[in-house]
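Visitor: Fold the following for me, if possible:
(2 chains)
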Amino acid sequence: MTSITVIDEPENPLFRAPLVEGGKNFAEVTALVARPTESTTPRAWFLGLGVSIAIMLNLFAMIGYLVWTGVGVWGNNVPVGWGWPIVNFVFWIGIGHAGTLISAILCLFRQKWRTSINRASEAMTIFAVMAAGIFPAIHVGRIWVIYWVFPVPNQMAMWPNFKSPLLWDVFAVSTYFTVSALFWFVGLIPDLATFRDRAYAQGRDIAARIYGFFAFGWHGSNRHWINYEKAYLILAGLSTPLVLSVHSIVSFDFAVSLLPGWHTTIFPPYFVAGAIFSGFGMVLTLMIPARSWLGLHNLITLNHLDNIAKILLLTGTLVGYAYGMEFFIAWYGGVEYEQYAFTNRAFGPYWWAYWTMISCNVISPQLFWVRSFRRNPVVLFIVSIFVNIGMWFERFVITVTSLHRDFLPSSWGYFSPTIIDVLTYLGSFGLFFTMFLLFAKFLPVIAISEVKGVMPEANPHHGHHGDSHAEGHA
Amino acid sequence: MTALTAPTVDQVAPGVVTRVRPGELVGTQKGILGVSAVALVASIVPAFLGEDDHARHRVMFSYLTAYMFALSVALGALFFVMIQHITRAGWSVVVRRIAENMAGTLFPWMAILFAPVALWYHDLWHHWIDAQITDPTAADYDSVIAGKSGYLNVPFFFVRAVLYFVIWAGLARYFRGASLAQDQDGDPQRSLKMARMAAPGLLLFGLTTTFAAFDWIMSLDPHWFSTMFGVIYFAGGVLGVMATMGLTALYLAKKGYLGDVINTEHYHDIGKLMFAFMVFWAYTSFSQFMLIWYANLPEETIWFAHRSEGTWNAMFVTLCVGHFLVPFGFLMSRHIKRNTKTLAFAAVFMLVMHWCDMAYQILPNIDHHGFHLTWTDITAVVGVFGLFVAMSLKNIIATPLIPERDPRLAESLHFHNV
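Guide: Residues are numbered from 1 along each chain as shown, chains lettered A, B, ... in the order given. Take a look at the predicted model:
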């Protein structure tokens, strides 16, 4: 392995900084990304996978216990009918927004730096949506009739309630999952073919056959590339409204109600901003360790981390704007219930949750006004953990503080989770990390062909005088 | 490395005319100025004449509608400039000067144009200004409005207005000034400094635009509230500036300026952003409407109830169709965005729709039972928006047409969509 040089030069607007550092050529990029699948698996990976699977099995055990016993095993009560399961659902679905944002919206914005992080983020998206989908499914109570959420013609003439945003969620999330998975898979095809060819050349026949099956006979002809680029652009266009619609509809779950603290018009874009914030937080949580363990410093450079930090600062501040607007309009609107709900959030029995949320989501990303913090992986990793915590608490604050004090003081209560709540939530991380570790071992964690496409060698004018920075978009 | 300066425009684009030739465009500029001055007189004077209070107030509302329309475009221009800097955008360098010059009208011109509004404040915002309304002993006492008097009171209202203009003036002058200074020295460090300034600039911009929309539109109906309101005003403004910027570039090209510099590729991108913010406007407006309709709380639905009376309902449908459905289909096409004629048509159409949106938000406060177009609606928009255009053009004539020594000029010149 060659030594890693980390470049940390001051920015010069006259030149676009290279996206791939360390003077790598095409072959070296391929070799670097293919290494985890081709070299001996480190013991730490087995250890990590073992722990993750154990935690995931705990999730299945909890689900089994829940289905056997009933939702009474959770801390949900009257008036807090929506407890941790909804919080966990929104938490995971929010995380599942970064991948498609990076692949679709940043693609339309010609943000070429996205090529280094889009593959892993998309994988993360899919695994997060899987984890998210579990919670509403097991919350229905009688999971054996879960198919009732779909509008299936039946002899009982029984239909789901089309006026309920919970049903819109079913459509929104399943569409999102399908399109994200498709987008991810389309992007993988050229790289799977690369892995197939390498496996074949190295004599690993079974691997070559499996990669070959999924590579759909890709051989990189002009015709393949033209179709591929078209499909990619169309999927990017289709995914863009999906990135906004899914979390908008999740926000409708709350905002269409009459409940103070839930019913406010800014909810849809506010939830989208929060989702992107939490998604990028999780991208950092995963990519900073992966970058060092897999030696990807030249592909995921400090400039990439810097850009992600800026997105965290932007979206964290947007979320702060929404918190502020909610508070201001609650006062300005003059509705006493609304005013009470917000005072109660900040100073009532759940004050600790509210201020945890504010500290993690609004205050901690303000560190990223400073360039050296944006380029310090340790600081970034710590803040990313704060973001994960803060965004979980945001959903907790929204769900629980609005519910726990109903309009009549006689229907006030306090929500406490049970051990089953805690273990189920923990278990969802087991599922998420199991999937991610398998992905990191067997699939290209970086989109090889896309990264090559943004390297100077890919520019047809490469080497011609006077066009050195005409094509870059850092 | 710091000794390097950006190449001159002659090095990257030999032969490009970067300044308006002496004497050219001045006639048009003066013409627009003249027409808008006449129109302004025709839109302001009637507010002081006649005995009929309702008729006088209607004139003031025409003016406020036109003002909020033009202001949103000027603010949109300021936003556009800052977002280009903060994202280190390459494609937009050749059109950025147009936006800088449009944002340059925020001070003094948009501030001067605010004067009639400030003069008529009592008539426009009388719902919360009437002293009776916050006096618990008066017959007209309104406890809800009295509860807001910490925010909605005359001194604070004007303090905020001054603060908004100070911030907008400061930002517009800084970004235009630094860019003009870079024309002289080609110092790439200026680009970095502008990128750094754009971050707090956007923060201030977001807050001031939101509260200006609350103050000057939302508080016309002081009972009503919506957390989304500022976002919708912002979305409409950015849509407006993309349309105005595209039309300005096309006008310059017609007069023989920048025809090869701002080319199909740049128009295509302007069209894309127009499309994007049209959809974003629709998304935010739909969310506001749907959530209020669904929850059906009287204190919120009242706003839409007023707007479903008489012909306001037709305006609602017009906005659904004209501000979203039709342009969604029309601007989706790559060919339409890349054809200057169809793009120009779309830009004019979207500006008309943006005015309709402003009218829908503002005028029901006086036209209670349906939309009645008056001639001052027309003269006010000709006057206020005309003056904005005339002064933008004056700025354009006075400065180089493109940021001549922006370090990313070459990138912008060679830009092409894949």
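
Visitor: Show the low-confidence segments of the stretch 201-350 of chain A, by residue range.
Guide: For the stretch 201-350 of chain A, no stretch has pLDDT under 70.

Visitor: Around chain B, pick out the residues from it.
Guide: A:241, A:244, A:248, A:252, A:255-258, A:263-269, A:313, A:317, A:321-322, A:325-326, A:329, A:332-335 (Cβ under 8 Å from any Cβ of the partner chain). Yep, even glycine has a C-beta here, placed from its N, CA and C like the rest.

Visitor: switch the cut-off to 6 Å
Guide: A:255-256, A:258, A:263-266, A:268, A:325, A:329, A:332-334 (Cβ under 6 Å from any Cβ of the partner chain).

Visitor: quick check, residue A:17 in a helix?
Guide: No: Residue A:17 sits outside any helix when classified using DSSP: H, G, I helix; E, B strand; the rest coil, being coil.

Visitor: Neighbours of it, how many?
Guide: Neighbourhood size, residue A:17 [other Cβ atoms under 10 Å in any protein chain shown]: 17.

Visitor: likewise residue A:424?
Guide: There are 26 residues near residue A:424, going by other Cβ under 10 Å.

Visitor: Assumed it was part of a strand.
Guide: No: under three-state DSSP, residue A:424 falls outside any strand and is assigned helix.

Visitor: mind checking how far it is from chain B?
Guide: In this view, residue A:424 and chain B are 31 Å apart by Cβ to the nearest Cβ, to the nearest Å.

Visitor: From residue B:394, how far off is the residue lying closest to that residue once chain neighbours are set aside?
Guide: Taking Cβ to Cβ, 6 or more residues apart in numbering or on different chains, and ignoring the residues beside it in sequence, residue A:424 has residue A:62 as its nearest neighbour in space, at 4.3 Å. Distance, residue A:62 to residue B:394, using Cβ to Cβ, to the nearest Å: 70 Å.

Visitor: Tell me which helix or strand the closest residue to residue B:261 other than its chain neighbours sits in.
Guide: Spatially, and ignoring its direct neighbours in sequence, residue B:261 is nearest to residue B:94 (5.2 Å; Cβ to Cβ, 6+ apart). Following DSSP states H and E, one finds residue B:94 within helix B:93-103.

Visitor: Mind giving me the packing neighbours of the next helix or strand after that helix?
Guide: Sequence-wise, the next helix or strand downstream of helix B:93-103 (DSSP H and E) is helix B:109-119. Judged by 3 or more Cβ pairs under 6 Å, 6 or more residues apart in numbering or on different chains; DSSP states H and E, the packing partners of helix B:109-119 are helix B:53-86.

Visitor: Now do the helix it packs on and helix B:109-119, the angle between them.
Guide: Helix B:53-86 and helix B:109-119 are oriented at 150 degrees to each other (axes from the mean of the first three to the mean of the last three Cα atoms, to 10 degrees).

Visitor: near chain A at all, helix B:53-86?
Guide: No: Helix B:53-86 does not reach chain A (Cβ under 6 Å from any Cβ); its nearest approach is 8.3 Å.

Visitor: Tell me the buried residues in that helix?
Guide: Neighbour counts over helix B:53-86 (16 or more other Cβ atoms under 10 Å in any protein chain shown) mark B:56-86 as buried.

Visitor: quick one, it and helix B:93-103 angle?
Guide: Using the same axes, to 10 degrees: helix B:53-86 against helix B:93-103 is 150 degrees.

Visitor: of all the residues in chain B, which ones are close to chain A?
Guide: B:4, B:144, B:147-148, B:188, B:191-192, B:225-228, B:287-288, B:291, B:294-295, B:407, B:411, B:414.

Visitor: Can you spell out which helices and strands pack onto the longest helix seen in chain A?
Guide: Of all the segments of type helix in chain A, defined by DSSP state H, the longest one is helix A:165-201. Applying 3+ Cβ pairs under 6 Å, 6+ apart, we find helix A:165-201 packed against helix A:118-139, helix A:205-214, helix A:222-255, helix A:448-453.

Visitor: In a markdown table: these, plus mean neighbour count.
Guide: Formatted as a markdown table, these follow (neighbours: other Cβ atoms under 10 Å in any protein chain shown):
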| stretch | mean neighbour count |
| --- | --- |
| helix A:118-139 | 23 |
| helix A:205-214 | 15 |
| helix A:222-255 | 18 |
| helix A:448-453 | 20 |
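
Visitor: For residue A:291, which of these is the nearest?
Guide: Closest approach to residue A:291 among the helices and strands packed on helix A:165-201 is made by helix A:118-139 (9.8 Å; Cβ to Cβ).
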